[in-house]
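**Student:** below: sequence and its predicted model.
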Amino acid sequence: ERAFREDMPMGDITTDCTVAENEISRAYLVTKQEGVVCGMEIAMEAFRMMDPDVRMNPLVKDGDFVENRTRILEIEGRSRALLKAERTALNLLQRLSGIASITRLYVERIIGYKAKVVDTRKTTAGLRLLEKYAVRTGGGTNHRFSLSDGVLIKDNHIKAAGGIAKAIQAAKEAIPHTVKIEVETETLQQVREALESGADIIMLDNMPPEQMAEAVTLIAGKAVTEASGNVTLETIQKVAATGVDIISVGALTHSVMAMDISMKFE
């Protein structure tokens, strides 16, 4: 509804001027590159909102890998409705498919290692739930969904609180025992302090692989280890080889390229 209000604040003057009100059309969505499809039901809902009587035949499902020039959805309904829903449906479908596709690539790079690929909160405002769904569709795992989900003490929290030990102690005094505490560290000294203070998860932020491997050895399974910071397709295998449990990748959502998909009328 938000997207439609943004796209048609006072209607679609082009469509309403040029297409007859009762005209019926058949169309299809087709990919223009290979990748993992995600957001089919969301795209179909956009067409239903414009025409409750629209008939649709999905030819793939979320999570399917498709080749270039693959028809993924057949549609028949009021021409005006199809044209009005087109951009909103495609915007969501293309972005979610792009996220699922890049996630699949990251996951495939570390097959054979124990590490999991997880997302971050670096998502499009208002679309986090959908974008994190796309990460899972691509084979990844979700980090926290919001600031309410768990304690993650980062560098600015540490400075504001007066140190890692003070921050962890304050958190333990305020939260129930069911909530885990994660701490971001940049040095081995901070890793030791986080470990001694009882952190459940220790984030190794922007550490070179050699230092990260040393940190994993130091932690020795006493806390979950998470690698973070500028992880790319070119570097993720080296990061996984350090033995970390989790690799968080902001690029899954913050700078992903949308998958190219078009709607064509027959």
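**Tutor:** Good, I have the coordinates. As the structure is a prediction and not an experimental result, all values here were calculated from the model.
**Student:** what sits closest to Q94 if chain neighbours are left out?
**Tutor:** If you skip the residues right next to it in sequence, Q94 has A258 as its closest partner in space, 3.9 Å away by Cβ to Cβ, 6 or more residues apart in numbering. Backbone N, C-alpha and C define where each C-beta goes, glycine included.
**Student:** scratch that, T185 is what I was asking about
**Tutor:** V191 (4.8 Å).
**Student:** quick check: next helix or strand after the helix or strand hosting that neighbour?
**Tutor:** Following DSSP states H and E, one finds V191 within helix 188-196. Downstream of helix 188-196, the next assigned helix or strand under DSSP H and E is strand 201-205.
**Student:** tell me the mean pLDDT over that following strand?
**Tutor:** In this model, strand 201-205 carries a mean pLDDT of 98.
**Student:** same question, stretch 63-82
**Tutor:** Here stretch 63-82 scores 98 as its mean pLDDT.
**Student:** just the terminal-to-terminal distance for that stretch.
**Tutor:** End-to-end distance of stretch 63-82: 25 Å, with Cα to Cα, to the nearest Å as the criterion.
**Student:** returning to that earlier point: SS state for the residue nearest to Q94?
**Tutor:** Under the three-state scheme (DSSP: H, G, I helix; E, B strand; the rest coil), A258 adopts coil.
**Student:** quick check: it vs K166, distance?
**Tutor:** With distances defined as Cβ to Cβ, to the nearest Å, the gap from A258 to K166 amounts to 44 Å.
**Student:** give the helix, strand or coil label for the closest residue to R55 other than its chain neighbours.
**Tutor:** Of all residues beyond its chain neighbours, the one nearest R55 is E76 (4.6 Å), with distances taken as Cβ to Cβ, 6+ apart. Per three-state DSSP, the secondary structure class of E76 is strand.
**Student:** where do the strands sit along this structure?
**Tutor:** 24-31, 35-36, 55-58, 65-66, 71-78, 116-118, 151-153, 181-185, 201-205, 224-228, 246-248, 261-265 (DSSP state E).
**Student:** related to what we said a few turns ago, quick check: the residue nearest to R55 vs E182, distance?
**Tutor:** As it turns out, when the distance is counted by Cβ to Cβ, E76 lies 50 Å from E182.
**Student:** the residue nearest to R55 pairs with what?
**Tutor:** Note on E76: beta-bridge partners by DSSP bridges are R26, R55.
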